[in-house]
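[1] Turn this into a structure:
(chains A and B)
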Amino acid sequence: MKVHTLSILVDNKPSVLSRVIGLTTRRGYNIESLAVSPTHNPEYSRITMVVEDLDDVVKQICKQLGKLINVVSISDLTSSKPIERELMLMKINTKNSKTLAQKLKSSFITILSKDDDSITIQACATTKQLDNLEEALQDFDIAQIVRTGKIALP
Amino acid sequence: MRSSNCSSNKASDISKTGAYALIKSLEANGIRYIFGYPGASNLDIYNALYLSKKIKHVLVRHEQAAVHAADGYARSSNKVGCVLVTSGPGICNTISGIASAYLDSVPLLVISGQVSSKLLASDAFQEVDSTGITMPIVKHSFLVRDVNKIPATIDTALFIAETGRPGPVLIDIPCDVATSIIDANKLKNSNRINLAGYNPQTPLKASSIRKSCAILAESKKPIIIAGGGVKISEAQTWLVRLAKKCNAPVVTTMNAKGIIESNNPYYLGMLGTYGSAAANVAFNEADFVLAIGTRLTERTLDFDDICLKSKSFVHIDKDAAELSKNINCKVEILADAKEAVKALSDTISKMDDYNGASKEWQERFIEIKQYAQEHLNDSYELTSLQKNTNAIKMQDVFNVLNSIINKPKSAAQYLVTTDVGQHQLAAAKFLEIAEPTHYISSTGLGTMGFGLPAAMGAKIANPSKKVICVTGDGSFQMTFPELATLVENKIEVKIILFNNNALGLVKQIQELKFAKHCIATDFSKNPDFCQLANAYGVKTFSVDNAKDLKTTIQKFLKCAGTSLLEVKISNNSTILPTSKVLEESDVF
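    Numbers count the residues shown, from 1 in each chain, chains lettered A, B, ... in the order given. Down below sits the predicted model:
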């Protein structure tokens, strides 16, 4: 099993995401993360999908997705060592958390708001760095975490 | 009461509406028949169809039958079949028909009326998410929200349906869109096919042909599996040439039945669970497989892993997703079957040191075919009344049919559709058909109820041919109301109904695999099928003993109009899986 990052260029039309997801989940594949937005050309959207499976299985997913009329192109970025980023927002209750400031000293973390009760941070990094950050902060009183899912460029 | 749907336009406005533009687009694209059923949400389209002089509408008795009829029309004519249904239950009833066409790669255009745009996703009366529920079983679908896009959508849908690997395409049209007035200026700008993500062209890679030929040249026992793709691309002539050049026997899937004459020495019959013994034995011995236009499903490749892994596979298909899906192949050839087979044939011809596989292999597969015919031909079908020489076996019926339909003068005049069950397997095994479009069966989905409406569509597409529907008592009862459609429209279909008062194929699985725990497979109270058909104005014949079989079939086929022949067979008739036949014989 290997984590694969798929970059899928699709028509920017209603129902396209549903077609892609429907086909991907039909065989029980679990989507680890998903990010979608229009490209610089508003006619198209870019879907970045992360799936974990055997190489052959992912190759078959790509072939099936390639059959969809609304899928313009699809590439598995995994072997091309792409530039990958993910955005995370995290709200932490700050009571009894004197050491928190130390943990938040990192170039990819920005403090967005702060009051007596809580602090909200933004972290933009690789998925692994965000996973590590989550782990490092697990002893604190985390109120909420939102992550965008990975985006990538070859 | 809330006005949930659409008001119809005044007669003077019809020619400016989306519904009218839709019918005109269908006419311009050569659609001449629509199989359909009206309802509240498609009445505006029917209102426009009322004015058409080019398109004939066939009113079926159930929407599933409309799709099967369009399917039979398409398979027997190589044209797109067209269906028109209403929203909600109308589209829901089409599901098994659409899925059948999808699995067998049949080009269909299914148009469904929909509730008004403002009511979409409100659980309005007769509203379902039509594009949503059909999504996994169509090649593509459209929900048209802009009336000016109707003509372009029709052009695009038809282009998608019939190019590349064919398939069904759905167009869902809310009734307010159908009644809206077209803006001629906007129409000009949208009237084109614009598909960035769809290119049905699959340019053949010379390298894959070279690699395939190199492996083929090294093989000692090559075999060719021909599937429905050979039929679609009309590659049969080239296929036979290639088989001769390589000294390779040809076996087919059920969907490819008819692509090659059964008496051709290179043809060994159908491969797979219920295939011919010759095909299965030869496949078992082969070391190289050229698979053409087939999905290589578990029913075709019903062999153990050791057997499959001992062979080198080269797979030709125009659908990239089929290549190495079920079997890892040494070479994938993404191409149209005819183009690829032609290229393989040309390349092999230029190989100086290759003259096909050895004479020994050729002698062996010819021997396998002869042995199987001589020793096993009567072993596939069992009946508890076998000792009673008067009992009819299904094979007897096909033997008589073969003697009639394969007379030199009547060749290619008969077209056969089947339903699903034992009779389908018997037909695939025993019926001799030498034209690929003359054998029509639901092979991928195995949809009971397919045969009769498919025969209706096939007869409409081929008015000069005699169309026979081979069915069983289980399948027939799923769509028999179409007898009314046949009689009403004077569409002549000859129906051979094998009646064993059971769901025979399911029952035999219970007998063979579930310790004879036969539950829910016997019909203890079937109707009198002859009286039932008589009620629709259909002439009927019935036969229950072998000695009357031939004369009864002759009378039945000769009589004018739609007629039904009930063939009463044993309640315990069994079509054995080929592995069982081989297991119980010591021929191979």
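
[2] Please count neighbours and contacts with C-alpha atoms only from this point.
    OK.

[3] Mind checking what secondary structure residue B:223 has?
    strand (DSSP: H, G, I helix; E, B strand; the rest coil).

[4] ok, it - contacts?
    Residue B:223 makes contacts with B:248, B:249, B:250, B:251, B:282, B:283, B:286, B:287, B:288, B:289, B:290, as judged by CA atoms under 8 Å, 6 or more residues apart in numbering or on different chains.

[5] buried residues in stretch B:237-248?
    Across stretch B:237-248, burial judged by 16 or more other CA atoms under 10 Å in any protein chain shown covers B:238, B:239, B:240, B:242, B:243, B:244, B:245, B:246, B:247, B:248.

[6] Chain B contacts on chain A?
    Proximity of chain A to chain B (CA under 8 Å from any CA of the partner chain) is limited to residues A:10-11, A:19, A:22-23, A:60, A:63-64, A:67-73.

[7] right, and the pair among those residues with maximum separation?
    Using CA to CA, the pair of these lying farthest apart is A:11 and A:60, separated by 21.2 Å.

[8] which one of these two has more residues nearby?
    Counted by other CA atoms under 10 Å in any protein chain shown, residue A:11 and residue A:60 do not tie: residue A:11 has more neighbours, with 22 against 17.

[9] Please flag which of the residues of chain A next to chain B sit within helices.
    Here DSSP state H is the test, and the residues of chain A next to chain B give A:19, A:22, A:23, A:60, A:63, A:64, A:67 as lying in helices.

[10] how about the helices in chain A?
    With DSSP H as the criterion, chain A has helices at A:16-26, A:55-67, A:100-103, A:127-136.

[11] buried subset of the residues of chain A next to chain B?
    Buried by 16+ other CA under 10 Å: A:10-11, A:19, A:23, A:60, A:63-64, A:67-73, out of the residues of chain A next to chain B.

[12] Tell me how many other residues crowd residue 107.
    Chain wasn't specified; assuming chain A. Neighbours around residue A:107, by other CA under 10 Å: 9.

[13] The chain in question should be chain B.
    The tally of other residues near residue B:107 (other CA under 10 Å) stands at 29.

[14] list the contacts for the nearest residue to it once chain neighbours are set aside?
    Nearest residue to residue B:107 in three dimensions, chain neighbours excluded: residue B:167, at 4.4 Å (CA to CA, 6 or more residues apart in numbering or on different chains). By CA under 8 Å, 6+ apart, residue B:167 lies in contact with B:101, B:102, B:104, B:105, B:106, B:107, B:108, B:138, B:139, B:160, B:161.

[15] again, but for residue B:209
    Contacts of residue B:209 (CA under 8 Å, 6+ apart): B:333, B:340, B:343, B:344, B:347.

[16] Could you check the host helix or strand of the third one and say which residues are buried?
    To tie it back to what came earlier, the one meant is residue B:343. Using DSSP states H and E, residue B:343 falls within helix B:337-349. Using 16+ other CA under 10 Å as the test for burial, helix B:337-349 gives B:337, B:338, B:340, B:341, B:342, B:343, B:344, B:345, B:347, B:348, B:349.

[17] ok, now how distant is the first one from residue B:235?
    Okay, so that is residue B:337. Distance, residue B:337 to residue B:235, by CA to CA, to the nearest Å: 6 Å.

[18] now do the last one
    When distances are taken as CA to CA, residue B:349 and residue B:235 turn out to be 18 Å apart.

[19] now do the fifth one
    Spatial separation of residue B:342 from residue B:235 under the definition CA to CA is 8 Å.

[20] Tell me how many other residues surround residue B:261.
    As a burial measure, residue B:261 scores 16 neighbours (other CA under 10 Å).

[21] Tell me who's in contact with it.
    Taking CA under 8 Å, 6+ apart, we find residue B:261 in contact with B:267, B:432, B:433, B:434.

[22] what do you get for residue B:459?
    B:73, B:465, B:466, B:467, B:491, B:492, B:493.

[23] Report the residue ranges of every domain in chain B.
    Structural domains assigned to chain B are B:11-190, B:206-374, B:378-579, following automatic domain parsing.

[24] ugh, wrong one, I meant chain A
    Listed by automatic domain parsing, the domain ranges of chain A are A:2-80, A:83-153.

[25] Let me know which of these is tucked in deepest.
    With neighbours defined by mean count of other CA atoms under 10 Å in any protein chain shown, none of the domains of chain A is more surrounded on average than domain A:2-80, at a mean of 17.

[26] Pick out the residue of chain A closest to chain B.
    Residue of chain A nearest chain B, by CA to the nearest CA: residue A:72 (3.8 Å).

[27] and that residue, how far is that from residue A:43?
    11 Å.

[28] strands paired with the helix or strand where residue B:170 lies, and their directions?
    Using DSSP H and E, residue B:170 falls within strand B:168-174. Sheet pairing of strand B:168-174 (DSSP bridges) gives strand B:108-114 (parallel), strand B:140-143 (parallel).

[29] Out of those, which is closest to residue A:53?
    Of all the strands paired with strand B:168-174, it is strand B:140-143 that lies closest to residue A:53, at 27.1 Å by CA to CA.

[30] If you rank every helix and strand of the chain by mean pLDDT, what lands last?
    Just so you know, I chose chain A. Among the helices and strands of chain A, helix A:100-103 carries the lowest confidence by mean pLDDT, DSSP states H and E, at a mean of 87.

[31] Hmm, no, I was thinking of chain B.
    Lowest by mean pLDDT, DSSP H and E among the helices and strands of chain B is helix B:184-190, with a mean of 72.

[32] What is the subsequent helix or strand relative to that helix?
    Next along from helix B:184-190, by DSSP H and E: helix B:206-218.

[33] which parts of that following helix are buried?
    Quick answer for helix B:206-218 (16+ other CA under 10 Å): B:208, B:209, B:210, B:212, B:213, B:215, B:216, B:217.

[34] Let me see the contact set for the last one.
    Contact analysis of residue B:217 by CA under 8 Å, 6+ apart lists B:354, B:356, B:357.

[35] Would you agree the first one is in contact with residue B:347?
    No. Contact status for residue B:354 versus residue B:347: not in contact, 10.6 Å apart, counting by CA atoms under 8 Å.

[36] Run a quick neighbour tally on the residue nearest to the residue of chain A closest to chain B when sequence neighbours are not counted.
    Counting by CA to CA, 6+ apart, residue B:197 is the residue found nearest to residue A:72 once chain neighbours are left out, at 3.8 Å. Neighbourhood size, residue B:197 [other CA under 10 Å]: 17.

[37] Which residues are in contact with each of residue B:354 and residue B:347?
    In terms of CA under 8 Å, 6+ apart, residue B:354 and residue B:347 are not both contacted by any residue.

[38] From residue A:48, how far off is the nearest residue to residue A:67 once chain neighbours are set aside?
    The shortest distance from residue A:67 to any non-neighbouring residue, by CA to CA, 6+ apart, is to residue B:321 (7.4 Å). According to CA to CA, residue B:321 and residue A:48 sit 21 Å apart.
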